[in-house]
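Enquirer: A structural model of the following input is requested.
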Amino acid sequence: MIPSAGVLVVALLSAALMGLAIQRGATCMVAAVDEMLTHRRARRAAALAEAAVWVGGLAFLAADMGWLRMAPAVYPVTPGTVAGGVLLGLGAWMNRACVFGAVARIGSGEWAYLATPPGFFLGCLVPLAAPVPTAASAEFGTGYGASAIAILFVALAVWRLVAAVRAPHLGRFLWHPHRATLLIAATFVTTLLSAGYWAYTDALAALARSMDAMLPLRLAMAGALLGGAVAGGAIAGKLRRERPQASALLRSGAGGAVMGMGAMLVPGSNDGLILLGLPALLPHAWVAVAVMTLSIAVAIRLSAVTSAVMVANR
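Expert: Now for the predicted structure:
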């Protein structure tokens, strides 16, 4: 199926703007967990949570208005869900960035992270048993949980609107790294409306396992996402001219591969799980994200302890 010119423009522009916003916000699960462990702050985690609430609220509104006719697939929670969450966390720790963070790092000119998407693709090629979705699909805007998301969304919208009105410079207020997540959420929803459920990791997984009618568009959107991130780095003056070291390329490729295997078991990676799975109240997404977060935290702690022991024994 060939998308219309309007759909193509909206989808590619949304993906590019999302990449720019990811680079600006430096959104990353590994960085969020490390911030909580090291600095006892949860600013990055709060930004990710806020982005999920914004996606949920905007998607609920779009569904109520009849613009959003798709529903995310519901998968059972199995031991594979837990194993997938562990692999997502360990892969992100190995990579020193989750799939969001890898995009931000590429946008900053850390070119070794260009190995993360190919590594993710190779991980998706590993013949792991993927779960089968249940007969029912999640519908946006239904149930008590959806009502809670709606209340949070309205509260956040009012809070952000009041803060924007009071801000001395609206452009600087909106372009703050934390509030760049609002653009991530908005563009994620516009991709839902134009191209359906999309995340660049899903495009790589679809390429590895099967072809679908929208795959060429999804791959083009993945390219636009990375292009937007690089453009954001160029605007911020963060692009580097250093050649990546072989060890860094190997680390990013291996980390991407482990995350790819985890994404096939869950199924889904942290971008789609956080932005769509959590606000849609999908049980497998909540379990996978919780296990992934715990795995990253344990890996960071064990790494710190190991480093301390090695230094003490010198």
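Enquirer: For the chain, name the helix or strand with the lowest mean pLDDT.
Expert: helix 170-174 (a mean of 70; mean pLDDT, DSSP states H and E).
Enquirer: and for the next helix-or-strand element following it, what are the contacting residues?
Expert: With elements assigned by DSSP states H and E, the helix or strand that comes after helix 170-174 is helix 180-195. The contact list for helix 180-195, computed with C-beta atoms under 8 Å, 6 or more residues apart in numbering, reads 3, 7, 10-11, 14-15, 17-18, 20-22, 24-25, 27, 47-48, 50-52, 54-55, 58-59, 62, 67-68, 70, 160, 174, 198, 214, 217-218, 221, 275-276. From N, CA and C alone the C-beta is placed, and that goes for glycine too.
Enquirer: Buried residues, stretch 59-74. List them.
Expert: 59-63, 68, 72-74 (16 or more other C-beta atoms under 10 Å).
Enquirer: actually stretch 243-254, not the one I typed
Expert: Buried, per 16+ other C-beta under 10 Å, within stretch 243-254: 244, 248-249, 251-254.
Enquirer: try stretch 162-180
Expert: For stretch 162-180, the neighbour count (16+ other C-beta under 10 Å) marks 179-180 as buried.
Enquirer: First-to-last residue distance for that stretch?
Expert: Start-to-end span of stretch 162-180 (C-alpha to C-alpha, to the nearest Å) is 17 Å.
Enquirer: next one: that stretch to chain centre, how far?
Expert: 23 Å (C-alpha atoms, centre = their mean, to the nearest Å).
Enquirer: again, but for stretch 233-250
Expert: 21 Å.
Enquirer: contact partners of it?
Expert: So stretch 233-250 is in contact with 20, 23-24, 107-112, 114-115, 230, going by C-beta under 8 Å, 6+ apart.
Enquirer: Just the CA coordinates for that stretch, please, in CSV.
Expert: What follows is stretch 233-250, C-alpha atoms only, in CSV (Å, rounded to 0.1, in the frame of the first residue of the first chain):
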residue,chain,number,x,y,z
GLY,A,233,22.6,18.2,17.6
ALA,A,234,23.8,20.5,14.8
ILE,A,235,21.5,23.3,16.0
ALA,A,236,22.8,22.9,19.5
GLY,A,237,26.4,22.8,18.3
LYS,A,238,27.0,19.3,19.8
LEU,A,239,28.1,17.4,16.7
ARG,A,240,31.6,15.9,17.0
ARG,A,241,34.2,15.0,14.4
GLU,A,242,35.8,12.2,16.3
ARG,A,243,36.0,8.7,14.8
PRO,A,244,34.3,6.1,16.9
GLN,A,245,36.6,3.5,18.5
ALA,A,246,36.2,-0.2,17.6
SER,A,247,35.4,-1.1,21.2
ALA,A,248,32.6,1.5,21.4
LEU,A,249,31.1,0.2,18.1
LEU,A,250,31.3,-3.4,19.4
